[in-house]
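[1] Structure for the following, please:
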Amino acid sequence: MKTIVVGIMSQERMRERALAIAQGTYKPKPSEPKIWFTSMRSLAEVLSDENRALLKIIRESKPESISSLANMTGRQPGNLSRTLKTMSNYGFVEMKRDNKFLRPVAKATEFRILA
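    Numbers count the residues shown, from 1 in each chain. Sure thing, here's the model as predicted:
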């Protein structure tokens, strides 16, 4: 499983960077983060100990659905679904549709943080 590089940068600097990329005055290096947070606090909320443990459970047990993952973890399906959606928005989890179920797939369980 690959390590995801995560960066922390102020909203203003992210905006400046995005504009520079769009204008062609800045080209990001391949080693630069693709996922950015505006603060260590927001990063800590998404990659909390509980959520990193959840990623590990997903990777090891390969649940067939959110319901089966809820049974494995003891978490409520609604709360778990919201957590997975947030993690999916950041690219840490992929939600694959299998028949009528959504199956969570962990994209990484290791992270390198650049501040």
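
[2] nearest residue to the residue nearest the centre of the chain other than its sequence neighbours?
    For the chain, the residue nearest the mean C-alpha position is Phe92 (2.7 Å; Cα atoms, centre = their mean). With sequence-adjacent residues excluded and distances taken as Cβ to Cβ, 6 or more residues apart in numbering, Phe92 is closest to Lys107, at 5.7 Å. In this view, the C-beta of every residue, glycine as well, is placed from N, C-alpha and C.

[3] Neighbours of the one you found, how many?
    Residues lying near Lys107 (other Cβ atoms under 10 Å) number 17.

[4] I'd like to know how far it sits from Thr86.
    Applying Cβ to Cβ, to the nearest Å, the value for Lys107 to Thr86 is 14 Å.

[5] Which residue ranges of this structure form strands?
    All strands of the chain, identified by DSSP state E, fall at 3-8, 35-37, 93-98, 101-106, 110-114.
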